[in-house]
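> coordinates only, no sequence provided:
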């Protein structure tokens, strides 16, 4: 996974607010991206950029600055431009997920650059002309324009999701109770409810079925079944 | 699509930096979300929040402030907590995509709250106890902790992506118990376990937390909560 995230570079073009550069660096490092390029940032270096980068100041320190976009992408073989608007020019438009799939799939064979334009005006038509694809983050038509660091966060997140091959590791699987253990629990539960006179064996109605449905949804593990049966034993002892 | 995005609320708990509140509001409005709740923000209202909200100051102005988390989620029926860490107790952990699919699918039948904790320390264990699910944004293990507004941006983006592709739910949805009803049930359960001398209030250990995880996974509906409380009343009467 590391390689497919190390390689794509994020190119911020003519950014006005240094805080956005720092926040973009943080978003990149959080998602495991490495390569930040700055084209004519308006105020940089900047204490505000460093502050907003938080623990990602190393990534900021390694950022490469360029005078022109053409220099920043000279060796790139796949250039994708972020755009808030539908453009009239026939450049293929991707959503962030498709953009990430493309960039990650081609990380071995291409040098990928993803461009983010100015806070207010985005990328110029001349800059968009350099792009093989555009990527557009779906947004509220009444308020479509994301903060630039927020846009970098979304794209970087999708790159990481694409790079994660299978499912997320979320720790060891629970030690689920077996069907046999569950049946023993339900028998114990039914017996206790009869002792408590909460369940009338002459007229059981749907009570046990409802309780089975409830506990079945929870999928108790063995430890939880032990706790529940301990409670039933305590309640049963008291009812005698 | 609008409805499934209008409904879920974003709950920011004890946020330190007002700029993050403003940036979260902007991220929400960009993605078409509406409901922002603030629990004990440290500095609010704030000019910095308004500045960072940019054109989303209307959403910020409509944000509801609460003294406690329990008030903010009292009527919620699906509570999801954002967590940067793997927790040892088995609360189901979702990635942002699965979280969004769940929240959007249940937007008609549930009142959904997604909780974001403090900048440095996240949500406390007591706050996580209120959650049916946790959501974890996959991140760089060496630098896992996202800025809170960046985390809101990722979750809100996935909500919008899910809403764009949502299919209609089939069949009636359960009449889920609210967080307030669940708290009343847990209080009743705890009291009964003390009366049964199954729970030692001097040495409660993790018992109530484990039971919360179990019943939280099951997401009881109102009828089930009534049954469970009926059983507790029967057991409590017998133990006296």
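Received, thanks. This is a predicted model, so every value here is computed, not measured.
> which residues does the residue lying closest to residue A:91 once chain neighbours are set aside form a beta bridge with?
Computed as Cβ to Cβ, 6 or more residues apart in numbering or on different chains, the closest residue to residue A:91 that is not its neighbour in sequence is residue A:134, at 5.1 Å. (C-beta placed from N, C-alpha, C; glycine too.) Beta-bridge partners of residue A:134, counted by DSSP bridges, are residue A:81, residue A:93.
> what separates residue A:134 from residue B:21, distance-wise?
Counting by Cβ to Cβ, to the nearest Å, the gap from residue A:134 to residue B:21 is 32 Å.
> more crowded one of those two?
residue B:21 (30 against 21; other Cβ atoms under 10 Å in any protein chain shown).
> can you tell me the helix or strand for the more buried one?
helix B:18-31 (DSSP states H and E).
> what angle sits between that helix and helix A:18-31?
80 degrees (axes from the mean of the first three to the mean of the last three Cα atoms, to 10 degrees).
> in what helix or strand does residue A:223 lie?
Using DSSP H and E, the element containing residue A:223 is helix A:222-239.
> flag every buried residue along that helix.
A:224-225, A:227-229, A:231-232, A:234-236, A:238-239 (16 or more other Cβ atoms under 10 Å in any protein chain shown).
> and those near chain B, which?
The subset of these lying close to chain B, counting by Cβ under 8 Å from any Cβ of the partner chain, consists of A:224, A:227-228, A:231, A:234-235, A:238-239.
> ok, residue A:197 - contacts?
Contacts for residue A:197 were tallied using Cβ atoms under 8 Å, 6 or more residues apart in numbering or on different chains; they are residue B:234.
> and residue A:81, by the same measure?
Taking Cβ under 8 Å, 6+ apart, one finds A:91, A:114-115, A:117, A:123, A:127-128, A:130-131, A:133-135 in contact with residue A:81.
> let's see that with 7 Å instead.
Applying Cβ atoms under 7 Å, 6 or more residues apart in numbering or on different chains to residue A:81 gives the contacts A:115, A:123, A:127-128, A:131, A:134.
> repeat for residue A:176
Contacts of residue A:176 by Cβ under 7 Å, 6+ apart are A:219, A:221.
> name the nearest residue to residue A:35, sequence neighbours excluded.
Leaving aside its chain neighbours, residue A:35 sits nearest to residue A:9 (3.6 Å; criterion: Cβ to Cβ, 6+ apart).
> just the buried residues of the contacts of residue A:81.
A:115, A:123, A:127-128, A:131, A:134.
> which one of these is nearest chain B?
Nearest to chain B among the buried ones among the contacts of residue A:81, counting by Cβ to the nearest Cβ, is residue A:134 at 17.4 Å.
> my guess is the closest one meets residue A:79, correct?
No - here residue A:134 does not reach residue A:79: they are 10.1 Å apart, not a contact under Cβ atoms under 7 Å.
> residue contacts, the closest residue to chain B within chain A?
Proximity of chain A to chain B (Cβ to the nearest Cβ) peaks at residue A:218, 3.7 Å away. Counting by Cβ under 7 Å, 6+ apart, residue A:218 touches B:214-215, B:217-218.
> same deal with residue A:36?
A:10, A:25, A:28, A:59, A:63.
> any buried residues in stretch A:10-29, and which?
A:10-15, A:17-29.
> same check, this time on stretch A:110-129
A:110-119, A:122-123, A:127-128.
> of all those residues, which two lie farthest apart?
Farthest-apart pair in these is A:110 and A:119; separation 28.2 Å (Cβ to Cβ).
> now do the helices in chain A.
A:2-6, A:18-31, A:47-53, A:57-61, A:69-72, A:96-105, A:125-128, A:148-163, A:179-195, A:207-218, A:222-239 (DSSP state H).
> what pLDDT, on average, does the last one get?
Translated: helix A:222-239. Model confidence over helix A:222-239, given as mean pLDDT, is 91.
> can you list contacts of it?
Against helix A:222-239 from outside (Cβ under 7 Å, 6+ apart): A:175, A:177, A:181, A:185, A:188-189, A:192, A:195-196, A:220, B:193, B:196-198, B:210, B:214, B:235, B:238-239.
> give me the buried subset of these.
Using 16+ other Cβ under 10 Å as the burial test, the contacts of helix A:222-239 include A:177, A:181, A:185, A:188-189, A:192, A:195-196, A:220, B:193, B:196, B:198, B:210, B:214, B:235, B:238-239 as buried.
> skip the chain neighbours and tell me the closest residue to residue A:56.
residue A:29 (3.8 Å).
> count of neighbours near residue A:79?
Neighbours of residue A:79 using other Cβ under 10 Å come to 20.
> distance of it relative to residue B:100?
Applying Cβ to Cβ, the value for residue A:79 to residue B:100 is 30 Å.
> which residues touch the most centrally placed residue in chain A?
Centroid check for chain A by Cα atoms, centre = their mean gives residue A:157 as the closest residue, at 4.9 Å. With contact set as Cβ under 7 Å, 6+ apart, residue A:157 has these partners: A:31, B:137, B:154.
> hmm, 10 Å instead?
A:27, A:30-31, A:96, A:100, B:96, B:137-139, B:146, B:150-151, B:153-155, B:157-158 (Cβ atoms under 10 Å, 6 or more residues apart in numbering or on different chains).
> so where is chain A shaky, pLDDT-wise?
Low-confidence segments of chain A, defined by pLDDT under 70: A:1-2, A:86-90, A:165-174, A:239-240.
> try 50 this time
Applying pLDDT under 50 to chain A picks out residues A:166-171.
> what is the burial count for the residue lying closest to residue A:159 once chain neighbours are set aside?
Nearest non-adjacent residue to residue A:159, counting by Cβ to Cβ, 6+ apart: residue A:100, 4.7 Å away. For residue A:100, the number of neighbouring residues by other Cβ under 10 Å comes to 26.
> quick check: residue A:100 touching residue A:133?
No - using Cβ atoms under 10 Å, residue A:100 is not in contact with residue A:133, being 11.7 Å away.
> which residues do these two both contact?
Residues touching both residue A:100 and residue A:133 (Cβ under 10 Å, 6+ apart) are A:80, A:94, A:114.
> for those residues, which one is nearest residue B:165?
Nearest to residue B:165 among those is residue A:94, at 15.6 Å by Cβ to Cβ.
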